[in-house]
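*Asks:* got a predicted model here, sequence first, then my questions.
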Amino acid sequence: METEISWWAALALFLVIEGLLPFISPRRWRGAFAQLLAMRDGQIRFMGLLCIAVGLSLLWLLK
């Protein structure tokens with residue numbers, strides 16, 4: 001039961017963090033999104049892999 005609550009809490013925190021930049025600075029967010037659209041698939045995959053590695057490293061350090 002507690003693990004299920006942790007997953008929901010993690011999802012909620014993710015949504016809060018994802019919503020901060022468009023809420024605080026929509027113009028900057030739009031510019032960042034435009035840059036993302038200009039990237040090649042390989043660059044986007046690398047950024048995704050980097051985010052996964054950093055996230056897993058942080059989880060490992062917190063445990």
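*Replies:* Sure, I can see it.

*Asks:* return the distance of Met28 relative to Leu21.
*Replies:* Quick fix: residue 28 reads Arg, not Met. Between Arg28 and Leu21 the computed distance is 7 Å (CB to CB, to the nearest Å). The way it works is simple: take the backbone N, C-alpha and C, and place the C-beta from them, glycine included.

*Asks:* what do you get for Ile52?
*Replies:* Plainly put, Ile52 is 20 Å away from Leu21 if you go by CB to CB.

*Asks:* higher neighbour count, these two?
*Replies:* Taking other CB atoms under 10 Å, Ile52 and Leu21 do not tie; Leu21 has more neighbours (13 against 10).

*Asks:* tally of neighbours for the nearest residue to the more buried one once chain neighbours are set aside?
*Replies:* Among residues not flanking Leu21 along the chain, Trp29 sits closest, at 4.7 Å (CB to CB, 6 or more residues apart in numbering). For Trp29, the neighbour count with other CB under 10 Å is 15.

*Asks:* in terms of helix, strand or coil, where does Trp29 fall?
*Replies:* Under DSSP: H, G, I helix; E, B strand; the rest coil, Trp29 falls in the helix class.
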